[in-house]
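S.K.: Need a 3D model of the sequence below.
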Amino acid sequence: MERCGWVGADPIYELYHDTEWGVPEHDPRALWEKLILDGFQAGLSWITILRKRDNFRAAFAGFDPEIVANWGEAEVARLLQDAGIIRHRGKIEATIGNAQAYLRIRDAQGFDRFLWDYVGGAPIQNHWASLAEVPTETPLSRQISQDLKKAGFKFCGPTIVYAFMQAVGMVNDHVVTCHCHEGVSRLR
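M.R.: Reported below is the predicted structural model:
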């Protein structure tokens, strides 16, 4: 079975690639969680985040933005002591602010709609022959990044946003030889 070349032979990566990556996600809370985790990944490998994902979920109240939005310095201090997550003050504080921004967007139009409207509600279907063709950012990821920042989000640069778009299926970037490409393309 052929997979995208970034997967390697790690069972955690294989499972993530085969069951989550590129599958269109519309649950607003799950979208927020994935955006936050992509922000924590900045400067690190994605496998590091995957291995700590359950710890992040426990530390951040199941990624419930209603709860996280009300946190302050006491919670930041607690999280900075949690060896199960990435202990980066800026990313932790950004997560709290991002929860507040999420709630504003959710209340104004819905977080899922806010994001999926950029792609007309359906994933962009790419047909890359190799990983070398897959971009790290696009004009669309730059626009979404800019709009998220205007809304109050942090740690959401264009590269992070493009990785997020790939992860949540806003774009199908499985290479055409990957066993997931065709199946994901039918999920639109």
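S.K.: the helices in the protein, which residues?
M.R.: 11-19, 28-41, 46-59, 65-68, 73-80, 89-108, 111-116, 139-150, 158-167, 181-185 (DSSP state H).
S.K.: In a markdown table: the ones you listed, plus mean neighbour count.
M.R.: Glycine gets a C-beta too; all of them are placed from N, C-alpha and C. Formatted as a markdown table, the entries for those read as follows, by neighbours: other Cβ atoms under 10 Å:
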| stretch | mean neighbour count |
| --- | --- |
| helix 11-19 | 14 |
| helix 28-41 | 21 |
| helix 46-59 | 16 |
| helix 65-68 | 18 |
| helix 73-80 | 14 |
| helix 89-108 | 18 |
| helix 111-116 | 20 |
| helix 139-150 | 17 |
| helix 158-167 | 23 |
| helix 181-185 | 16 |
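S.K.: just so I know, which of these lies nearest His127?
M.R.: In this view, the helices of the chain are compared for proximity to His127 by Cβ to Cβ, and helix 181-185 is the closest at 8.1 Å.
S.K.: and the nearest residue to Pro28 once chain neighbours are set aside, what does it touch?
M.R.: What sits nearest to Pro28 in space, not counting adjacent residues and going by Cβ to Cβ, 6 or more residues apart in numbering, is Phe111, at 4.2 Å. Listed by Cβ atoms under 8 Å, 6 or more residues apart in numbering, the contact set of Phe111 reads 28, 31-32, 102, 105.
S.K.: ok, so of the residues you listed, who is nearest Ala167?
M.R.: Using Cβ to Cβ, the contacts of Phe111 come closest to Ala167 at Leu31, 9.7 Å.
S.K.: So the closest one is in contact with Gly110, correct?
M.R.: No - using Cβ atoms under 8 Å, Leu31 is not in contact with Gly110; the gap is 10.3 Å.
S.K.: tell me the pLDDT at the closest residue to Glu20 other than its chain neighbours?
M.R.: Counting by Cβ to Cβ, 6+ apart, Ala167 is the residue found nearest to Glu20 once chain neighbours are left out, at 7.3 Å. Per-residue confidence (pLDDT) for Ala167: 97.
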